[in-house]
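**Q** give me a model of this one.
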Amino acid sequence: MGQIQLIATTTFGLEAVVKRELQNLGYNDLVVENGKITFRATEKDIPITNLWLRSADRVLLKMGEFKATSFEELFEKTKALPWDEWITEDGEFIVEGKSVNSKLFSISDSQAIVKKAVVEKLKTKYKKEWFEETGAKFTIEVSLLKDTATLTIDTSGSGLHKRGYRTHSVEAPLKETLAAALIQLSYWNKDRFLLDPFCGSGTIPIEAAMIGKNIAPGLNRNFASEGWPRVKKEYWQDARRKAWDVMLKDFNLNIIGSDIDKKAIGIAKENAANIGLEGDIKFITKDFRDFKFKDDYGVIICNPPYGERLGEEKEVDKLYKDMGKFLGKLDTYSIYVLTSNKDFERLYGKDADRKRKLYNGRIKVDYYQYYGPRPPKN
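**A** Numbering: from 1, shown residues only. Below is the predicted model of the structure:
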């Protein structure tokens, strides 16, 4: 089994989270750049990383990287790469592309050149002029940045945020990968009480429960590379079996998701049931102002309304003031709030201990972190 290079892509601001996830999985030879972490691996690591990465967007197989300032150079250097070692004779493949600050600025032309080069490479191995493309799917990407071309094949297929449990959602749902990152950036652990008072379709509580019970986030879905002969079926079977074995099936969690919207709570319950966590999270219809806080040293993680729409500003201003009034007095709690509202700290009435810049989709947001004291040791 030969050495390969994989790339875990990330949303801007989550590189450190994904780096830590990879280190926890045992990968140490990491190169961190904006939006991606490159690491050495083998074919066996394709199932492991796809199953276990919680906050990465995708896992890409890096085929090669080189300077390319002309289409001829792009063609020849692409053709020289070992596409025939991965793409099957009947493989269906498409080419996607992007270009930033490069002489080869035409994405469509670059895609066409790469497609042609790959086909020419495959002709030399399979000794045929035409390919049916009825088999396994391979999505190739040519990424041009400052005249450097990076060629990859997507091993994931659908983005890693698609865990499979969210069959229904509310308006403007939080991506599962971002929700997992918010939890990992907090002081919460499986022994502490967690509340999301604006839980919507339940993404934060569900992701927390998956972390608390050590459930691999990709366990209930399929991946593009499952159809690749080079990534053997036994690798997938072994990775899934090990994921089931390390799950903390009998561990009791103390997680509550609440929301003022009864319909949202119904959706959250259904989503939790889809992944077998309906007994691990309590979902209730309640205004956070009416919540009775009993557990000391708890953690609150939430993604309240931002007030992006016209006419919502006054309503959201009052909401944030009330959050400061009702949550700000919880001296033993650690509180984490994600919002795009630049006036949040002023409205809440308290400066955050730390503020982290992130993206919720295309919206620039800040993650306001208010640290409570450490719980006393038992």
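**Q** so what are the domain limits for this protein?
**A** As assigned by automatic domain parsing, the chain contains the domains 4-154, 176-218+246-370.
**Q** select, out of these, the one closest to residue 161.
**A** Distances from residue 161 to each of the domains of the chain were compared by Cβ to Cβ, and the smallest falls on domain 176-218+246-370, at 4.3 Å. Where you see a C-beta, it was placed from the backbone N, CA and C, and this is true even at glycine.
**Q** what about residue 89, which SS state?
**A** The three-state assignment at residue 89 reads coil, by DSSP: H, G, I helix; E, B strand; the rest coil.
**Q** ok, now which ones touch it?
**A** Shown in contact with residue 89 (Cβ atoms under 8 Å, 6 or more residues apart in numbering): 122, 126, 128, 131, 135.
**Q** for the residue nearest to the third one when sequence neighbours are not counted, what are phi and psi?
**A** Residue nearest to residue 128 in three dimensions, not counting chain neighbours: residue 89, with 7.7 Å by Cβ to Cβ, 6 or more residues apart in numbering. Dihedral angles phi and psi of residue 89 (degrees, to the nearest 10) take the values phi -60, psi -30.
**Q** and residue 206, that's in a helix?
**A** Yes: read with three-state DSSP, residue 206 is one of the residues of a helix.
**Q** quick check: closest non-adjacent residue to it.
**A** Skipping the residues right next to it in sequence, residue 206 comes nearest to residue 272 by Cβ to Cβ, 6+ apart, at 5.6 Å.
**Q** for that neighbour, grab the count of nearby residues.
**A** The tally of other residues near residue 272 (other Cβ atoms under 10 Å) stands at 24.
**Q** quick one: low-confidence ranges for the chain?
**A** Regions of the chain meeting the criterion pLDDT under 70 cover residues 1, 172, 308-311, 378.
**Q** try 50 this time
**A** Flagging of the chain using pLDDT under 50 yields an empty set of residue ranges.
**Q** for it, longest helix please?
**A** Taking DSSP state H as the assignment, the helix of the chain that covers the most residues is helix 107-126.
**Q** using CSV, write out every CA atom in that helix.
**A** The C-alpha coordinates for helix 107-126 follow below in CSV (Å, rounded to 0.1, in the frame of the first residue of the first chain):
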residue,chain,number,x,y,z
ILE,A,107,-12.0,28.1,-15.6
SER,A,108,-14.0,26.4,-18.4
ASP,A,109,-10.9,26.2,-20.6
SER,A,110,-8.8,24.8,-17.7
GLN,A,111,-11.5,22.2,-17.0
ALA,A,112,-11.5,21.1,-20.7
ILE,A,113,-7.7,20.8,-20.8
VAL,A,114,-7.6,18.7,-17.7
LYS,A,115,-10.4,16.5,-18.9
LYS,A,116,-8.6,15.9,-22.2
ALA,A,117,-5.3,15.2,-20.4
VAL,A,118,-6.9,12.6,-18.1
VAL,A,119,-8.6,10.9,-21.1
GLU,A,120,-5.2,10.7,-22.9
LYS,A,121,-3.6,9.2,-19.8
LEU,A,122,-6.4,6.6,-19.6
LYS,A,123,-6.0,5.7,-23.3
THR,A,124,-2.5,4.6,-22.7
LYS,A,125,-3.5,2.1,-20.0
TYR,A,126,-6.8,0.8,-21.3
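**Q** and it, what does it pack against?
**A** If contacts are counted by 3 or more Cβ pairs under 8 Å, 6 or more residues apart in numbering; DSSP states H and E, helix 107-126 sits against helix 71-79, strand 92-100, strand 137-145.
**Q** just send those back as TSV, with mean neighbour count too.
**A** Compiled in TSV, the helices and strands packed on helix 107-126 are given as follows (neighbours: other Cβ atoms under 10 Å):
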stretch	mean neighbour count
helix 71-79	18
strand 92-100	16
strand 137-145	21
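**Q** closest to residue 19 out of these?
**A** Using Cβ to Cβ as the measure, strand 137-145 is the one of the helices and strands packed on helix 107-126 that comes nearest residue 19, at 20.0 Å.
**Q** tell me which strands whichever helix or strand comes after that closest one pairs with, and in which orientation.
**A** Elements were assigned by DSSP states H and E; along the chain past strand 137-145, the next helix or strand is strand 148-154. Strand pairing for strand 148-154, determined by DSSP bridges: strand 58-67 (antiparallel), strand 137-145 (antiparallel).
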